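> build me a model from this:
(one chain, ligands or ions: 1)
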Amino acid sequence: MDRVPCIAGNWKMNKNITEALQLVEEMLPRLSELSGVERVVCPPFIALPAVAERLKDEDVFVGSQNVHWKEAGAFTGEISPTMLQDLCTFAIIGHSERRAYFGETDETVNLRVRAALDHGLRPIVCVGETLEQREAGQTIDVVSTQVSQGFADISKEDFRRVIVAYEPIWAIGTGKAATPEDANETIVASIRPVLTSMFGEDIAQATRIQYGGSVKSGNAAEFFQQPDIDGALVGGASLRADDFIAIVKAARG
Ligand code: PEP
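All right, here's what the predicted structure looks like:
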């Protein structure tokens, strides 16, 4: 199955507007040429309008780092799908930092995914186990549940626009990446089979599944050689133009 790899840079709570534009300028001449891989940058909300404006005629997409499920209302600190739909193509949903520090659950992930899809956004949905869960042998159960609950009540047609990011939590921002074989095995054991039961074999096989967790220019190619890994969600290394570009190049093979 040919799946176009997608490399998304999650800038997290880094870069003000000026810095975000500087990073985009630094990356763009090389990044815009690397066709054959979908390239996405996800700056903080404050920088989305400026970055979206700069990238509007480029072959590089913009994503948000979250999205609420309501269109408007008393939800202090949140951002609605209608606010994002003209600025972004993608929306990261259910990142482990949101789950760990901001009370995100599979239920709220599901609400956000459905709202994003209803407003034309393409969700990048993060799943992954903690070190404790991994050591207790619960990885498959935990990840399968995140997938089945996170994608409940979504039509097959809508689900085609979803990307899944498998991010073992113990590997995020720690410098400790999973082994590529291990990451592939978890995807094969706990993500594609659940997608198959929910959406059918064709859609499960067509769904892009990224790996995330300490991906760098030095280890990216090993992940992309795995048959079930279709790109990466990149945190720290996406803040450095050279590293991000090297990771995109690695995904081209
Ligand atoms: C992430 O934020 O999704 C991530 C994978 O971070 P890092 O690459 O820094 O581990």
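
> centroid-nearest residue for the protein?
Centroid-nearest residue in the chain, with CA atoms, centre = their mean: Ile124, separated by 3.9 Å.

> just checking, what packs against the helix or strand hosting it?
Using DSSP states H and E, Ile124 sits in strand 122-127. Helices and strands touching strand 122-127, by 3 or more CB pairs under 8 Å, 6 or more residues apart in numbering; DSSP states H and E, are strand 90-93, helix 106-118, helix 139-150, strand 163-166. (Glycine included, C-beta is placed from N, CA and C.)

> could you dump the ones you listed to TSV with mean neighbour count?
Listed next are the helices and strands packed on strand 122-127 as TSV, based on neighbours: other CB atoms under 10 Å:
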stretch	mean neighbour count
strand 90-93	26
helix 106-118	20
helix 139-150	19
strand 163-166	26
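
> closest to the ligand out of the ones you listed?
Proximity to the ligand (CB to the nearest ligand atom) singles out strand 163-166 among the helices and strands packed on strand 122-127, at 6.9 Å.

> can the closest one be said to contact the ligand?
No: Strand 163-166 does not reach the ligand (CB under 6 Å from any ligand atom); its nearest approach is 6.9 Å.

> and that strand, average pLDDT?
Mean pLDDT, computed over strand 163-166, is 98.

> helices of the stretch 151-253 of the chain, start to end?
156-159, 180-186, 192-199, 201-206, 220-224, 241-252 (DSSP state H, counting those that start in this stretch).

> one step back: and the residue nearest to the centre of the chain, what are its bridge partners?
For Ile124, the beta-bridge partners are Ile92, Ile163 (DSSP bridges).

> next, count neighbours for whichever residue of the stretch 101-250 of the chain sits closest to the ligand.
With CB to the nearest ligand atom as the measure, Gly235 is the residue of the stretch 101-250 of the chain nearest to the ligand, at 2.1 Å. Gly235 is flanked by 22 other residues according to other CB atoms under 10 Å.

> which bits of the stretch 51-200 of the chain sit near the ligand?
His95, Glu167, Ile172, Gly173.

> now restrict the residues you listed to buried residues only.
Among those, those scoring as buried are His95, Glu167, Ile172 (criterion: 16 or more other CB atoms under 10 Å).

> in the strand holding Ile124, what's buried?
Residues Arg122, Pro123, Ile124, Val125, Cys126, Val127 are the ones in strand 122-127 that count as buried (16+ other CB under 10 Å).
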